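Undergrad: okay, sequence plus prediction incoming.
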Amino acid sequence: MITVAIAEDHQSLIDGIHLLLKYEEEISIVGMVNDGEELLEVVRLKQPKVVLMDIRMPKIDGIAATKIIKKELPHIKVIAFSMFDQEDAVRQMIAAGASGYLLKNSPLEEVLTAIQEVMKGNTYFDASIDPSFLSEDTTQQKKKQVLSKSEREILTLIGQGKTSSEIAAIRFNSVSTVETHRKNIIRKLGLKGKGELLRYAIEKKYDF
């Protein structure tokens with residue numbers, strides 16, 4: 001039996017999901033709440049296997065609630081349920097520990113599919129969301145981690161259009177030291193020359 005808790009601040013939407021799921025023999029709804037505080041109480045008491053989580057809720061929002069749930073009860077699967085399809089919203093929920101992301105304008109039947117998929121250990125994204133940017137984020141994070149603190153600071157200044165002389169003055173370094181850092185950044189990031197370094201720094205908009 002898959003036990004499910006629903007957190008959604010629009011009661012009519014909760015009612016619709018409840019109507020969809022209540023006839024599913026494999027699913028039992030153990031809680032339906034309208035805000036994040038109520039949700040945490042239900043989760044701690046009932047420990048559902050899956051939480052359908054609205055992102056924008058009173059008292060405690062879905063991102064914060066997901067972080068708390070995954071810290072206290074990491075085995076619980078969380079599926080984000082939102083009207084926001086922006087990459088930043090998806091990124092924040094997945095980073096908080098969500099296993100799936102659904103849009104509220106999707107057919108309600110997709111809720112059932114998402115629950116079944118995350119219970120198999122898979123992730124599930126709404127058909128209109130391309131999750132490929134998440135793997136790109138991971139690659140960029142790894143690239144950032146290979147840089148030292150000084151290199152990250154210099155990369156930020158390069159992205160702001162500063163020359164080596166200007167960077168040297170700002171950091172109280174010699175120009176040759178800055179140039180050495182530039183060469184190391186190019187090597188570590190696998191770039192091809194100063195032009196590509198500048199383009200990389202500007203496009204990635206690094207702010208360390």
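TA: Thanks, I have the structure now.
Undergrad: now do residue 194 against residue 152, distance only.
TA: Per Cβ to Cβ, to the nearest Å, residue 194 is found 18 Å from residue 152. Using the backbone N, CA and C atoms, a C-beta is placed for each residue, glycine as well.
Undergrad: list of residues touching the helix or strand containing residue 43?
TA: Following DSSP states H and E, one finds residue 43 within helix 36-46. Helix 36-46 is touched from outside by 3, 5, 7, 30-31, 33, 48, 51, 53, 57-62, 64-65, 68-69, 72-73, 76, with contacts defined as Cβ atoms under 8 Å, 6 or more residues apart in numbering.
Undergrad: where's it relative to the chain centroid, distance-wise?
TA: Centroid displacement of helix 36-46 relative to its chain, using Cα atoms, centre = their mean, to the nearest Å, is 22 Å.
Undergrad: just checking, next helix/strand downstream of it?
TA: Counting by DSSP H and E, the element after helix 36-46 in chain order, helix or strand, is strand 50-54.
Undergrad: packing partners of that next one?
TA: Packing partners of strand 50-54 (3 or more Cβ pairs under 8 Å, 6 or more residues apart in numbering; DSSP states H and E): strand 2-7, helix 36-46, helix 62-72, strand 77-82, helix 109-119.
Undergrad: flag the shaky bits of the chain, pLDDT-wise.
TA: The chain contains residues with pLDDT under 70 at 131-145, 204-208.
Undergrad: which parts of it belong to which domain?
TA: 2-130, 146-204 (automatic domain parsing).
Undergrad: deepest-packed of these, please.
TA: domain 2-130 (a mean of 18; mean count of other Cβ atoms under 10 Å).
Undergrad: figure out the length between the terminal residues of that domain.
TA: Start-to-end span of domain 2-130 (Cα to Cα, to the nearest Å) is 27 Å.
Undergrad: from the chain's centroid, how far away is it?
TA: Distance of domain 2-130 from the chain centroid (Cα atoms, centre = their mean) equals 14 Å.
Undergrad: how far away is the residue nearest the centre of the chain from residue 62?
TA: Central residue of the chain (Cα atoms, centre = their mean): residue 91, 2.4 Å from the mean position. Plainly put, residue 91 is 14 Å away from residue 62 if you go by Cβ to Cβ.
Undergrad: with residue 23 instead?
TA: Per Cβ to Cβ, residue 23 is found 27 Å from residue 62.
Undergrad: go on, residue 183?
TA: Going from residue 183 to residue 62 by Cβ to Cβ gives 45 Å.
Undergrad: residue 147 too?
TA: From residue 147 to residue 62 the distance is 33 Å (Cβ to Cβ).
Undergrad: and what of residue 44?
TA: Counting by Cβ to Cβ - residue 44 and residue 62 are separated by 17 Å.
Undergrad: so what's the nearest residue to residue 67 once chain neighbours are set aside up against?
TA: In space, and not counting its chain neighbours, residue 67 is closest to residue 96: 4.7 Å by Cβ to Cβ, 6 or more residues apart in numbering. Residue 96 sits next to 63-64, 66-67, 70, 78 when contact means Cβ under 8 Å, 6+ apart.
Undergrad: same question for residue 47.
TA: Residue 47 neighbours (Cβ under 8 Å, 6+ apart): 3, 73, 76.
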